[in-house]
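> no sequence on this one, just coordinates:
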DNA sequence: AGTAAAAAGGATAAAAAACATCTTTTAGGT
DNA sequence: ACCTAAAAGATGTTTTTTATCCTTTTTACT
């Protein structure tokens, strides 16, 4: 329960590998996928999510590839995970208001908020460079 | 991501309702299901999990039903959630050794362990009576 | 003893999510 | 212009979730 999907696991492997390389060099998705043992087409989708949120930059065409868009010290594990898995939500009632709130007096709701806060705190305290 | 399934949500609703009633009285699954708005047959399965781990006691036959097996103060939210969802595992590598450990030097692993510890700490600090 | 009530247990099935691949499109280099 | 590589979209497969139903077992009551 409460687990990362394979997508999240793959995402971390991929971006950690990127962070271990020369930041000026562009890497091919095929090389990264092979290095971290992830299906290439799947990793390609994952990297699209990363570029969308600006974690990595990409260049198309010959000589293209991927590289980090900013220093590894500026990228937290929380950002990485949320980029591919969506927000950290231990229960549906946390995050989008109007579901649990209406049946007010729910004593469980604040607990899920605490869980969410704790998880986010741990993940945001770790930066990509610490994972290399 | 990292979310409770509907089963977990139903489980909490059901046992919280039980905890709000006279602990000496046996309640029918049909009554509980109706009260907390959960499909009866689904809740029946969930309560089987509870009885298996000794959170609630059941009595079969006419006049049977369910009641808490121990004081609500002795039941933590962690126990409730784990009874139906299984252990809190933020990533597969946490919990069953031999998967991530072999590819030693993984810097991410300890982070997942911290996440697991934090979540368990929050959930185990809340007891059922606090949810009524 | 017989019968009705109620949980236990097993089988099954629809729906959703996860996991993955393939094809077409767009853009950069030569 | 042509080749290369990522972006985007469509599609398919497998696994998990979310149930429901039916039979069996247990218990109480008459």
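Structure's in. What do you need? Computed from a predicted model, the values in this text were never measured in an experiment.

> enumerate the residues of chain A near chain B.
Residues of chain A found near chain B (CB under 8 Å from any CB of the partner chain) are A:1-5, A:8-9, A:12, A:16, A:77, A:81-82, A:85-92, A:107-108, A:111-112, A:114-115, A:118-119, A:121-123, A:126, A:130-132. Where C-beta positions appear, they are placed from N, C-alpha and C, glycine not excepted.

> and those residues, which are buried?
A:1-4, A:8-9, A:12, A:16, A:77, A:81-82, A:85, A:88-91, A:108, A:111-112, A:114-115, A:118-119, A:122-123, A:126, A:131 (16 or more other CB atoms under 10 Å in any protein chain shown).

> next step: those restricted to helices.
A:8-9, A:12, A:16, A:77, A:81-82, A:85, A:111-112, A:114-115, A:118-119, A:122-123 (DSSP state H).

> farthest pair in these?
Greatest spacing in those, by CB to CB: A:16 and A:111 (32.3 Å).

> SS state for residue A:67?
strand (DSSP: H, G, I helix; E, B strand; the rest coil).

> show me the contacts for it.
A:18, A:21, A:23, A:24, A:25, A:26, A:27, A:56, A:57 (CB atoms under 8 Å, 6 or more residues apart in numbering or on different chains).

> equivalent analysis for residue A:77, please.
With CB under 8 Å, 6+ apart, residue A:77 has these contacts: A:12, A:123, A:124, A:126, A:127, A:128, A:131, B:108, B:111.

> and chain A, which residues reach DNA strand C?
A:5-7, A:10, A:39-42, A:44-45, A:59-64 (CB under 7 Å from any atom of the strand).

> buried ones among those?
If we count by 16+ other CB under 10 Å, these have these buried: A:7, A:10, A:44.

> what pLDDT does the residue of chain A most remote from its centre get?
When distances to the mean C-alpha position of chain A are computed (CA atoms, centre = their mean), the maximum falls on residue A:105, with 34.0 Å. According to the prediction, residue A:105 has pLDDT 81.

> that one belongs to a helix?
No. Under the criterion used here (three-state DSSP), residue A:105 is coil, not part of a helix.

> could you report the distance from it to residue B:132?
Separation of residue A:105 from residue B:132 (CB to CB, to the nearest Å): 10 Å.

> low-confidence ranges in chain A?
Residue ranges of chain A with pLDDT under 70: A:95-104.

> what distance separates the start and the end of stretch A:45-58?
End-to-end distance of stretch A:45-58 (CA to CA, to the nearest Å): 13 Å.

> run through who's touching it.
A:7, A:10-11, A:14-15, A:18, A:29, A:32, A:64-70, A:75, A:79-80, A:83-84.

> let's see it at 7 Å
Under the contact criterion CB atoms under 7 Å, 6 or more residues apart in numbering or on different chains, stretch A:45-58 has outside partners A:7, A:10-11, A:14-15, A:18, A:29, A:64, A:66-69, A:75, A:79-80, A:83-84.

> element containing the closest residue to residue A:113 other than its chain neighbours, please.
Once flanking residues are discounted, residue A:113 sits nearest to residue A:94: 5.7 Å by CB to CB, 6 or more residues apart in numbering or on different chains. Using DSSP states H and E, residue A:94 falls within no helix or strand.
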